[in-house]
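# Could you look at this predicted model? Sequence included:
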Amino acid sequence: MKKILFFGELAPNIIHGISLANRLNIDLLSKKYFLDIVEEKSELKEHNKRTSSKIIKIWSYIKEIYNLNKKKKYDFFYTIFSLSTFGSIKTLFSILSFKMSNKRKVVIHIHRGDFEIFYNKNLLNKYIVKIIFKLIDKLIVLSENQKIQFSEHLDISKIFILENSLIEEFQMVDGEKEEQFIYISNYIKEKGIFELLEVFSNDKNLSLKCFGGFVNNEDEIRKYESKNIKISSFINGKEKFQEIDKSQALILPSWNEGQPTVILEAMMMGTIVITTKVGLIEELLGEDYPFYFKAKNQKSLKECINRFQRYENKDELSYKLRQIYKSKYSKEIHQQKLLKIFGE
């Protein structure tokens, strides 16, 4: 039986799209392979902060990777490419630690759609990327377009496509939608939360439910609570899918994304999505999807909500979203692709 060592963040200890995707992949791989985990246990309050305690924590992970691999001699090291300068250094040193104790295969996974922005930001990022790509054996990306993009940096035979999927799958419940919109994501500025709250605070005829994890801005977010805006902490499992199912539409106003798990959840439930056309979202929903708006633009968001309210083909669009999920992003299809990547 092949042995895999995984390093990265995992749900439920931290909840965001990448940690949920990691949990799904680890659960599926562990059904067929022997798998050990070095779990990165960060907190949302550490978002965008570089502290000495954070560096010490990373160093402890690197030592753990080295010691485990020296003892057990894994066939694969599987980790996530963190697209920040600090995160990429962490990724590089985790790979080097593995290679120093056992020169077997390294698989890295990129869950985001802003690699070129990161790569071109400075010379240090470019240098780190080039070193990492020399050390790895396989790169997992989210789409065909990403595969083409990364072929400029890496031999295309080393690049594998694995679309995101969901840990839990549910079916929509027949029934009337409630007169509300829903936001499910962490309360981070880059998720567009403040543009969203401003739009709904200026139109009391619109109703919004928000669910997410707080960073360091809970008091600022809570100020927007009112009769038409409900601010809640993160939800998961059946409760989350019930909220998505009964909402008119999911709104995701992010400034950047990969393949957001929450959009897949809405597609599975047949709930229409109102979103920015950033990252790989257009590849999820299609070029001609009717409800895109401009990131960081309150006017564009309000116009998109108005367009949605006038839209007469909601049932047809709901059905189309469910079919796209089943044909391309289901857990069954995801499992087949994942096991093939590690089975070769």
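Now that the structure is in, tell me what you want to look at. Numbers count the residues shown, from 1 in each chain.
# how about the helices in the protein?
17-29, 52-72, 85-101, 115-119, 123-135, 144-150, 193-201, 218-222, 237-246, 261-269, 281-285, 298-310, 314-324, 331-343 (DSSP state H).
# nearest to L208, of these?
Across those, L208 has its closest neighbour in helix 193-201 (4.5 Å, C-beta to C-beta). The C-beta positions use only the backbone N, C-alpha and C, and glycine is treated the same way.
# could the helices of the chain be laid out in CSV, adding distance to Y183 and mean neighbour count?
Below are these laid out as CSV (distance: least, C-beta to C-beta, whole Å; neighbours: other C-beta atoms under 10 Å):
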stretch, distance to Y183, mean neighbour count
helix 17-29, 14, 21
helix 52-72, 28, 15
helix 85-101, 26, 19
helix 115-119, 24, 16
helix 123-135, 31, 14
helix 144-150, 26, 16
helix 193-201, 6, 20
helix 218-222, 11, 13
helix 237-246, 10, 17
helix 261-269, 9, 25
helix 281-285, 15, 21
helix 298-310, 11, 16
helix 314-324, 18, 15
helix 331-343, 25, 15
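# contacting residues for T91?
By C-beta atoms under 8 Å, 6 or more residues apart in numbering, the contact set of T91 is T79, I80, F81, S82, I108, I132.
# Give me the pLDDT for F170.
Per-residue pLDDT puts F170 at 86.
# Let me fix that, I meant to ask about P12.
Looking at P12, the pLDDT reads 88.
# so it makes contact with N236?
Yes: contact criterion C-beta atoms under 8 Å: P12 and N236 qualify, at 7.3 Å.
# Same drill for those two, tell me which one is more crowded.
Neighbour tally, P12 and N236, criterion other C-beta atoms under 10 Å: the higher count belongs to N236, 15 against 11.
# Ramachandran coordinates for that one?
Main-chain torsions, N236, degrees, to the nearest 10: phi -150, psi 180.
# for the record, mean pLDDT for stretch 64-82?
97.
# can you list contacts of it?
Residues outside stretch 64-82 that contact it (C-beta under 8 Å, 6+ apart): 2-9, 18, 22, 29, 36, 38, 88, 90-91, 94-95, 97-98, 100-102, 104-111, 132, 342.
# Excluding chain neighbours, what is closest to G192?
P253 (2.9 Å; C-beta to C-beta, 6 or more residues apart in numbering).
# pLDDT score for that neighbour?
98.
# go on, E46?
54.
# For the closest residue to I15 other than its chain neighbours, grab the count of nearby residues.
The spatially closest residue to I15, leaving aside those adjacent along the chain, is F234, at 5.4 Å (C-beta to C-beta, 6+ apart). F234 has 17 neighbours, counted by other C-beta under 10 Å.
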